[in-house]
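# Quick one, what's the 3D model for this:
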Amino acid sequence: MNRSHWRKLAALSVVASISTCHAADPVMLGKEPLTAGIAGEGAVDLPTIRSWLAEPKNHLPLQIELPEGLAAGKDAVWVPEDNPMTRAKIELGRQLYFDRRLSKGNQVSCADCHHPANAYGRGTQFGVGIEGQLGGRNSPVSFNRILSSIQFWDGRAASLEEQAKGPIANPIEMGNTHEAVVQMLKVNPVYREQFVKVFQREPNIDDVARAIATFERALVTGPSPYDANEPLRRFEEAFAEQLEDMETFAEEQPEQVDRYRKLQIVAAARPMSESAKRGRELFFSAKTNCTACHVGANFSDEKYHNLGVGMESDKPDLGRYVITKNEADKGAFKTPTLRNIAFSGPYMHDGSQKTLMEVVEWYAKGGHPNPYLSEKVKKLDLTQEDKDDLVAFMESLTGELPAVEEGRLPE
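Next up is the predicted model:
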């Protein structure tokens, strides 16, 4: 019996084991250590990966739940039918995400532009690829992408899978070829074993992209001070009259008072400053109209807008227009999430604004006038306290990211 036949039998054995298991229990992204790597230290060797892959639960399609805050956006979750999330696929994607062997000369990995230490951005104005080459745009964050299908500042990738393939072959990013990457994976026994077990076939570039995309979908922001305080704020607004007489309220509606006390405890554990609370009122007001674009659980409409950024140039980056050829899309770029925005600067598609205060100032002045400026961008009558409060509110949108193992790659 040849080696190929043995591999097929092994893959069928794993599938058969999975079919005898019950459906996977719901998994809360960010809670279970899906991105924390295989237990142990050092490089992942063949015996280790074989033992781990032999566990049927690692191949079960996961029933995904989102953490508090993001959970309100569950209807926007987008996972392709042909690429369900499993623990084994997330782990394979994690390894690929941090492995510089995917680039020419082993120089950079996906993480070099989207690094955990920089809130999955990079902290540089532009992305930096092989041989120190600079890209033309700021590195967007790679968390909370499970709530979006179309990717990149200009939306040129229809999915995370498509997005994952692009940088590998881009000459100023990873500078490799898809063929070279696939060959490297085929001759690496640890990687090859995983592809055969996870996808039931030899490594190929589409499955590389599927694995990386699955890992990225597991990266979500946890509850923020805003998420902890918003239920309390809504309760106090709904029961404002009753709360003026707590004694009577407790006698007539003890269950509501009990709920109120619990909400207070949750909010106290992750407090918002008074400045952030004022900023919240401004953010959601008609005065600033911030929610015209930064809306929903992820604070992004996932659409494209011209804010005037970079439009003073003789040859401005035309953004979405390059993809659609629609005149109205000139200079339009995708609305980024505001979650964890305090740690993902510099800001805007060109990284031209270093601080959140600069961003607020830009909106306050009405952006940069140009024929394609979004009608949603208008001058704002803001005091310095207003601006400080808006920054404080955006800082209150910070939540913990899942623990992730950056090393522990195949030997």
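
# Tell me which residues of stretch 160-169 come out buried.
Counting neighbours by 16 or more other CB atoms under 10 Å, one finds that the buried residues in stretch 160-169 are 160-165, 167-169. C-beta: built from backbone N, CA, C; applies to glycine.

# Format the residues you listed as a markdown table; extra columns: secondary structure.
Shown next, in a markdown table, are the buried residues of stretch 160-169 (DSSP: H, G, I helix; E, B strand; the rest coil):
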| residue | secondary structure |
| --- | --- |
| 160 | helix |
| 161 | helix |
| 162 | helix |
| 163 | helix |
| 164 | helix |
| 165 | helix |
| 167 | helix |
| 168 | helix |
| 169 | helix |
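
# low-confidence ranges in the chain?
Residues of the chain that meet the criterion pLDDT under 70 lie in 1-24.

# Nearest spatial neighbour of the most centrally placed residue in it, chain-adjacent residues omitted?
Nearest residue to the geometric centre of the chain (CA atoms, centre = their mean): residue 143, 1.5 Å. Closest residue to residue 143 apart from its sequence neighbours, by CB to CB, 6 or more residues apart in numbering: residue 219 at 4.2 Å.

# now swap in residue 50 and tell me
With CB to CB, 6+ apart, the residue lying closest to residue 50 is residue 193, at 6.4 Å.

# Return the residues in contact with the one you found.
Residue 193 makes contact with 46, 49-50, 53, according to CB atoms under 8 Å, 6 or more residues apart in numbering.

# How about residues contacting the host helix or strand of residue 360?
Assigned by DSSP states H and E, residue 360 belongs to helix 356-364. With CB under 8 Å, 6+ apart as the test, helix 356-364 has contacts from 288, 307, 309, 341-342, 345, 347-348, 353, 377, 379-380, 382, 387, 390-391, 394-395.

# Mind checking which of these are in strands?
Members of the contacts of helix 356-364 lying in strands (criterion: DSSP state E): none.

# surely residue 33 meets residue 404?
No. With contact defined as CB atoms under 8 Å, residue 33 does not count as touching residue 404 (9.1 Å).

# More neighbours: which of these two?
residue 404 (19 against 13; other CB atoms under 10 Å).

# Excluding chain neighbours, what is closest to the more buried one?
In space, residue 404 is closest to residue 35, 4.4 Å off (CB to CB, 6+ apart).

# count of residues packed around that neighbour?
Neighbours of residue 35 (other CB under 10 Å): 22.

# Same question for residue 171.
12.

# What's the local residue count around the nearest residue to residue 110 once chain neighbours are set aside?
Spatial nearest neighbour of residue 110, excluding adjacent residues (CB to CB, 6+ apart): residue 97 at 4.6 Å. Using other CB under 10 Å, residue 97 has 24 other residues around it.
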